[in-house]
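Student: sequence and computational prediction follow.
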Amino acid sequence: MTTTSKMVGTQGCVDPKYCSTLEYNKKSDVFSFEVVLQELIMGQPPILKGVPDEMVFIVERVQEKLKRGNIEAIIDSRLQNIYDINSIWPTAELELLCTADVPSERPTMSEIIAELKESLR
């Protein structure tokens with residue numbers, strides 16, 4: 001059996017709080033899970049192309065669009081309106097909670113699963 005002494009992950013998916021403190025907790029996984037969910041909804045990688053030599057993180061882009069109420073801007077255009085917008089809004093609101101700057105303000109994975117199931121009804 002092997003153990004890992006440090007957390008590893010894809011750039012843009014790792015919890016920034018972990019990067020700054022090197023303190024891992026379950027809410028770090030919540031952040032990373034939500035980045036993957038954002039990738040699926042937007043159809044884009046965790047780090048987007050911006051101005052040369054500048055990284056734009058998908059989390060920042062999603063937060064900016066949602067705070068303006070522009071949910072259509074975060075949905076992959078290849079989905080071509082084959083989704084129910086009423087299912088996307090709860091998921092989008094969940095994205096904001098899961099990527100909160102303060103890890104203790106993020107939901108648990110159980111709460112995320114319950115919310116995702118509810119949004120499919």
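Tutor: On my side now, so go ahead. This one's a predicted model, so the numbers in the text were calculated from it and none came from an experiment.
Student: the helices in the chain, which residues?
Tutor: Taking DSSP state H as the test, the helices found in the chain are 16-21, 26-42, 58-67, 85-98, 109-119.
Student: so what pLDDT did the residue lying closest to Asp101 once chain neighbours are set aside get?
Tutor: Once flanking residues are discounted, Asp101 sits nearest to Lys17: 7.2 Å by C-beta to C-beta, 6 or more residues apart in numbering. Every C-beta, even on glycine, is put in place using the N, C-alpha and C of the backbone. Lys17 is assigned a pLDDT of 73 by the prediction.
Student: number of nearby residues for Lys17?
Tutor: By other C-beta atoms under 10 Å, 19 other residues sit near Lys17.
Student: is it true that it touches Ser32?
Tutor: No: applying C-beta atoms under 8 Å, one finds Lys17 not in contact with Ser32, separated by 11.5 Å.
Student: by mean pLDDT, flag the weakest helix or strand of this structure.
Tutor: When the helices and strands of the chain are scored by mean pLDDT, DSSP states H and E, helix 16-21 comes last with a mean of 67.
Student: picking that back up, mind checking how far the residue nearest to Asp101 is from Leu120?
Tutor: Relative to Leu120, Lys17 is positioned 30 Å away (C-beta to C-beta, to the nearest Å).
Student: repeat for Ile71
Tutor: From Ile71 across to Leu120, the span is 17 Å (C-beta to C-beta).
Student: which one's more surrounded, these two?
Tutor: Each of Ile71 and Leu120 has its neighbours counted (other C-beta under 10 Å); Ile71 has more, 17 against 9.
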